[in-house]
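Novice: got a sequence here, can you model it:
(2 chains)
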Amino acid sequence: MSAVVSETGTIGTRTAVAAGSLVKVYGKGDTAVRALDGVSVSFEAGKFTAIMGPSGSGKSTLMHCLAGLDDVDSGTVHIGSQEITGLSDKELTKLRRDRVGFVFQAFNLLPTLTAQQNVLLGLELAGRKPDQEWFDTIVDVLGLRDRLRHKPTELSGGQQQRVACARALVSRPDVVFADEPTGNLDSRSGAEVLDFLRMSVRKLGQTVIMVTHDPNAASYADRVVLLADGHLAGEIHNPTADSVLSALKNLGA
Amino acid sequence: MLRTILAGLRARTARLVLSSVAIALGVAFVSGTMVLGDGLRESVTDEFSKSSRGVDVSVGVDHQNSDAEGIPRGVAEQISTVQGVAGTDVRGYLHVALLGGEGKARPAVVAPLAKTESLREFDVIEGRYPTAANEIAVDERTATTSKLGIGGQVELLNEQQEKRSFTVVGTYRQGTSLLSLSGSDHVVLLPESLEQLDPGVLYDSVVVAGDGSVGQEALVAAITSALGSGGYRIETGAALVQQDLAFVEQNIGDITTVLLGFAFIALVVSSMVIYNTFTILVAQRTRELALLRCVGAGRGQVFRSVIAEALAMGLFASLVGLFGGIGVSAALQWGLARSTGGEADVRIPVEPVTVIAAFAVGVLVTLVAAVLPALRATRVPPIAALRSQLDSNDDVARTGRLRVAFALLLLVGGVALAVLGTGQKGEQAMLISGAGCMLVLIGVLVLGPLLVGPINRVLGVVPRALLGVPAELAAGNASRNPRRTAATTSALLIGVTIVSTVTVLASSGKETANAQVDAEFPADYNVTSSLYDQVLPQDLVTQLDDLPEVEEVSAAAYLSVELQDEQFAYVTAVEGDAIGGLVNPTIVAGTLDSLADDEVVLSESAARRTGLKIGDTYEVRGSSRADAADAPAPTKPLTVVAFYEGEAFYDGLVALPTARALKPELERGYERVMVKLADGVDAAAGRAAVQRVTDPSPIAVLDSAAETKAQLSKQVDQLLGFMWALIGLAVLIALFGIANTLSLSVLERTRESALLRALGLTRGQLRLMLVVESILMALMGAAVGLVLGIGFSWVLTTALSSDNIPLTFAVPYGQIGTMLVAAVLAAVLAAALPARRAARTSVVAGMAEG
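Specialist: Next up, the predicted model:
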């Protein structure tokens, strides 16, 4: 694990996102399910981290809570130095606008907007001017230059996911959350998206946290956090598809 | 399959209930109209039958075989001696002036009180009937308007201006009759007192109550032989009832037809909403239907399942609508009674035909509206179940060339008809132009999906500039499915088109009338008689002329003359030198400086009708005095000197001396005095001066041109208010349509909304987005509707405008503005619930949907 040069030029192993004793319970009484049962984990800035686990392990819930999309029953979540648990809906919305980027599995784009409008949507909502140079960099790296005027329905699945990646990064968020970003893609398109996410961390200094159940996708990450039954079940540094697969097997997935 | 359908109905209860509202409103309108019509008929029949209740035989003048003007009371006494007669009474009325508290006369009708109780056509409300010669009972409406209470004093003024005082002893309610509908005040006296007001009074009829010993027919025969010579029309009470019913049918029928016309509009609008709802419902269920197909459901089964759903919805909504309609009808009757100051007489007769119509309309319209979507549902391929993403954008099929061609055909045809119509005259012009307008409206509706994009771009500019990203998104959403948006807004479009057409037409009519009042009577004040058969005395004119505040006074009278054989005309008589001053006709042929004694000026239409030419001289016949009916009518040769346009002076203009020669009664005075104030006289001071002269006269009523205009406007506005209320329901349905579409769109876009929230759209912005979308849709309908409405009314005014009545085209910007603001506000309301729902959904739950 080596220190990386972040955008601001500071060197170190800053914590981008941290969760402390997170508990999330769905339902009540007998049917209550503890989706997260005291999870404490931190994610380093400038790193690509994958959250893995079998279905029902709570990995999506963890991501939702970390991103401020869902509220927690107890415990804390920090993004940077700011605690986000207990923030109002409005404050959380502002936080998402300014400091968080998202790439979802599907339905990432608004069908009524062009690719370019989709990329810039978050910035516009925040009332911020896009950094043209940064925008160009992202668009060129993702090979979207000649697709900017197209509507989502005119784009392939891979192209759509790349537009989503561009949108997630264009605001230079503190952290990008990716929820199964390759789940709907063929392997080639999937690999492109994962390459880009890894490149954005290594070259552009971004922080990416990705939820996936695909060991191959997880192997692109710097670190894999394993989750089972709402508990932290270990982690793997510099994972390979094989090491992830065997770790998952040990979890009984 | 049935189980699937039932399960589907249960699962989508909320959506279906919402969609049912549109159907229920349509049904409510139809059934409400029918109940209202039946209720009115029932109530009017009851009212009219008050005049025939208790009557076994009615004796009237047989006008075909007799010249008698009425029946003297002696005939009643003669009949009362006939075997089998229990009682007889006279019926008729006398026009008098009624002086209440304020010293101003109001026209009133006096009727004799029947002595036989069973023959009384009125019901006492308070107090009792008069029993002494100086007692009077007043109609309850008269009591209210003239502020008369029991124990109060009333003076009646007969034609000879003699006053008699009476004490009010009771109030009564009269049945509806031609008299009560005339709006005159109504009082009853003992027949003796009536005859003191007019000793020579003749009655319209004698009504007879039998003692039950013989039938009505036998009684007729006995009375016929007792009266001997002919000249009477003797009928049974049963025949009288039949005549009343026929009369009621004739008059109520028109009202019901008009109401049903509005119901039809409401129905068209609601079928559009229903059709749209089903289209959306089916589009959203594409995946579910495809799954059904995957597991082996046949096309027929899918079709039937959608139709069955429509059937269930139609039945439910019809039931709700039927009861709603009964409620609406009751509320309307109550409201009408309240606004006219009468007692609420709410009747809600529910005829079988009403129930059948309600269900036929609700169920059939729903079924018809569902057929197309159902057919579309059968075309869903099973593979659609496996597609990951579905948006009902699928039905954004390209607008076909056929549609454009069809729409253009309608538009061109419509415009051609409208233009053709403007060249025609009268009713024909209106029919042809009206049909043209209809075609244009349908053409625009057909073209709708193509118009959505451009209109939305134009309308979206302002909210985009003001509200930023949410508005931008809203504009995108409003035009993402042009067909759906077009169908949603077309309902509103129809409503607004009709409302604005009617409103602009009404305002044009008002403007025309005002302009005519201004142009033809440049008087500041008009003094008229409050009683039609009583003229203003000559000395009133002299007194007014003597006032220093008054510059010019001109008297006018009206009379009916026979221009040629059987060519009757109603002409205005004015002072010959008033022409060009207070009397200002627009001359279109011949010349007119002042009107001499033996001259006549005709209106263009009268000239056309009679074929008279300028320079022609004719022997014109007037009318003889009423008190010397047998004397030959006076005649006078008159020369036609000019033609004028417009109808302000009726058929023609003559000088006052001419009029006096042709109608001797006019020697006593005038029917109207026009007053022009001197320059620089303050309006209030001028009015006060004129009032000093007119106040002592019980019959002189002072009004200004401004007041006349105000009165005219009020009448037009009342009519307009009624129209607005009726069309309002169609607009309401249309707004439900918008709410409906929005709710369904919100459901469809759950994931999209969640995505936006994840990307940083606040709850407020999400709500704002939907509100703006709703406003855009409403404005689309309203704006196009207004453009069409104003255009149509322009076409119609042009078509209706003729040489006689040149119509001024006037757009009431205030009312139009009000309509637009109302549309925006209603759109905000329509978006309230869907927006709440959208904003409440949590981001995580939203992402998990679909």
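
Novice: below-threshold pLDDT in the stretch 151-300 of chain B: ranges please.
Specialist: Residue ranges of the stretch 151-300 of chain B with pLDDT under 70: B:175-184, B:229, B:251-256, B:258-259, B:266, B:284, B:286-287, B:294-296.

Novice: can you give me the strands in it?
Specialist: Listed in chain order, the strands of the stretch 151-300 of chain B (DSSP state E, counting those that start in this stretch) span B:153-157, B:163-174, B:185-189, B:205-210, B:232-236.

Novice: of all those strands, which one comes closest to chain A?
Specialist: strand B:163-174 (64.1 Å; CB to the nearest CB). Backbone N, C-alpha and C define where each C-beta goes, glycine included.

Novice: hmm, who's touching that closest one?
Specialist: For strand B:163-174, contacts defined as CB atoms under 8 Å, 6 or more residues apart in numbering or on different chains pick out B:50, B:99, B:121-131, B:134-140, B:143, B:148-158, B:180, B:186, B:188-189, B:193, B:196-197, B:343.

Novice: now, of those, which are buried?
Specialist: The neighbour-count test (16 or more other CB atoms under 10 Å in any protein chain shown) marks B:50, B:99, B:121-122, B:127, B:129-130, B:135-140, B:143, B:148, B:152, B:154-158, B:180, B:186, B:188-189, B:193, B:197 as buried among these.

Novice: quick one, phi/psi of residue 70?
Specialist: I'll assume chain A. When read as degrees, to the nearest 10, the backbone of A:D70 gives phi -130, psi 150.

Novice: ah, no, chain B please
Specialist: Per-residue torsions, B:G70: phi -180, psi -170 (degrees, to the nearest 10).

Novice: with B:E126 instead?
Specialist: Dihedral angles (degrees, to the nearest 10) for B:E126: phi -140, psi 150.

Novice: equivalent analysis for B:Q564, please.
Specialist: Main-chain dihedrals, B:Q564, degrees, to the nearest 10: phi -130, psi -170.

Novice: mind listing what it touches?
Specialist: Taking CB under 8 Å, 6+ apart as the test, what B:Q564 contacts is B:T610, B:L612, B:Y618.

Novice: off-centre distance for the biggest helix by length in chain A?
Specialist: Longest helix in chain A, counting residues (DSSP state H): helix A:187-202. Chain-centre distance of helix A:187-202: 13 Å, with CA atoms, centre = their mean, to the nearest Å.

Novice: show me what the helix or strand just after that helix packs onto, helices and strands only.
Specialist: As assigned by DSSP states H and E, the chain's next helix or strand after helix A:187-202 is strand A:208-211. Contact partners of strand A:208-211 among helices and strands, from 3 or more CB pairs under 8 Å, 6 or more residues apart in numbering or on different chains; DSSP states H and E: strand A:48-52, helix A:59-66, strand A:175-179, helix A:187-202.

Novice: list the buried residues for the longest one?
Specialist: If you call a residue buried by 16+ other CB under 10 Å, then helix A:187-202 has these buried ones: A:S189, A:G190, A:A191, A:E192, A:V193, A:L194, A:F196, A:L197, A:R198, A:S200, A:V201.

Novice: run through the bridge partners of the residue nearest to the last one when sequence neighbours are not counted.
Specialist: Spelled out, it's A:V201. Excluding its sequence neighbours, the residue lying closest to A:V201 (CB to CB, 6 or more residues apart in numbering or on different chains) is A:F48, at 4.3 Å. With DSSP bridges applied, A:F48 shows beta-bridge pairing to A:V208.

Novice: count of residues packed around B:Q243?
Specialist: Other residues within reach of B:Q243, judged by other CB atoms under 10 Å in any protein chain shown, total 13.

Novice: separation between it and B:V828?
Specialist: Between B:Q243 and B:V828 the computed distance is 55 Å (CB to CB, to the nearest Å).

Novice: now for residue 92: which residues touch it?
Specialist: In the absence of a named chain, this looks at chain A. If you count contacts by CB under 8 Å, 6+ apart, A:L92 has them with A:G68, A:I84.

Novice: sorry, should have said chain B
Specialist: Counted by CB under 8 Å, 6+ apart, B:G92 has contacts B:G70, B:I71, B:A111, B:P112, B:V201, B:L202, B:Y203, B:D204, B:S205.

Novice: I figured B:A734 hits B:A782, correct?
Specialist: No. Using CB atoms under 8 Å, B:A734 makes no contact with B:A782, being 9.7 Å away.

Novice: shared neighbours, the two?
Specialist: Contacts common to B:A734 and B:A782, judged by CB under 8 Å, 6+ apart, are B:L492.

Novice: re earlier: now the two most distant members of the buried residues of helix A:187-202.
Specialist: The widest separation within the buried residues of helix A:187-202, taken as CB to CB, falls between A:S189 and A:V201 and amounts to 19.5 Å.

Novice: from the centre of chain A, point out the most distant residue.
Specialist: A:D30 (32.9 Å; CA atoms, centre = their mean).

Novice: residues contacting stretch A:185-192, please?
Specialist: Under the criterion CB under 8 Å, 6+ apart, residues A:S156, A:G157, A:G158, A:Q161, A:R162, A:T182, A:V193, A:A217 lie in contact with stretch A:185-192.

Novice: same list (these) but as CSV, adding pLDDT.
Specialist: CSV is the format used below for those (pLDDT from 0 to 100):
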residue, pLDDT
A:S156, 86
A:G157, 84
A:G158, 85
A:Q161, 87
A:R162, 88
A:T182, 85
A:V193, 87
A:A217, 88
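
Novice: make a PyMOL selection of the buried ones in those.
Specialist: Filtering the contacts of stretch A:185-192 down to the buried ones (16+ other CB under 10 Å) takes a single PyMOL command:
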select buried, chain A and resi 157+158+161+162+182+193+217
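
Novice: and the helix or strand encompassing B:V365, what's its mean pLDDT?
Specialist: Using DSSP H and E, B:V365 sits within helix B:352-378. For helix B:352-378, mean pLDDT is 82.

Novice: please identify the buried residues of the following helix or strand past it?
Specialist: Downstream of helix B:352-378, the next assigned helix or strand under DSSP H and E is helix B:401-422. By neighbour count on 16+ other CB under 10 Å, the buried set for helix B:401-422 is B:A407, B:L410, B:L411, B:G413, B:G414, B:V415, B:L417, B:A418, B:G421, B:T422.

Novice: sec struct for the closest residue to the fourth one other than its chain neighbours, please.
Specialist: Closest residue in space to B:G413, ignoring its immediate chain neighbours: B:L439 at 5.3 Å, by CB to CB, 6+ apart. Following DSSP: H, G, I helix; E, B strand; the rest coil, the label given to B:L439 is helix.

Novice: give the contact list for B:L439.
Specialist: Going by CB under 8 Å, 6+ apart, the list of residues near B:L439 reads B:L410, B:L411, B:G413, B:G414, B:L417.

Novice: next, format the residues you listed as TSV and append pLDDT.
Specialist: Converted to TSV, those look like this (pLDDT from 0 to 100):
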residue	pLDDT
B:L410	88
B:L411	88
B:G413	89
B:G414	87
B:L417	85
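
Novice: nearest to B:T762 among the residues you listed?
Specialist: Closest to B:T762 out of the contacts of B:L439 is B:L411 (44.4 Å), distances taken as CB to CB.

Novice: the closest one and B:L197, how far apart?
Specialist: In terms of CB to CB, B:L411 sits 66 Å off from B:L197.

Novice: near chain B, which residues of the stretch 101-250 of chain A?
Specialist: The stretch 101-250 of chain A comes close to chain B at residues A:102, A:104, A:106-108, A:110-113, A:121-122, A:124-127, A:153, A:167, A:184, as judged by CB under 8 Å from any CB of the partner chain.

Novice: just the buried members of these?
Specialist: A:102, A:104, A:106-108, A:110-113, A:121-122, A:124-126, A:167, A:184.

Novice: picking that back up, ok, so of the buried residues of helix A:187-202, who is nearest chain B?
Specialist: A:S189 (14.4 Å).
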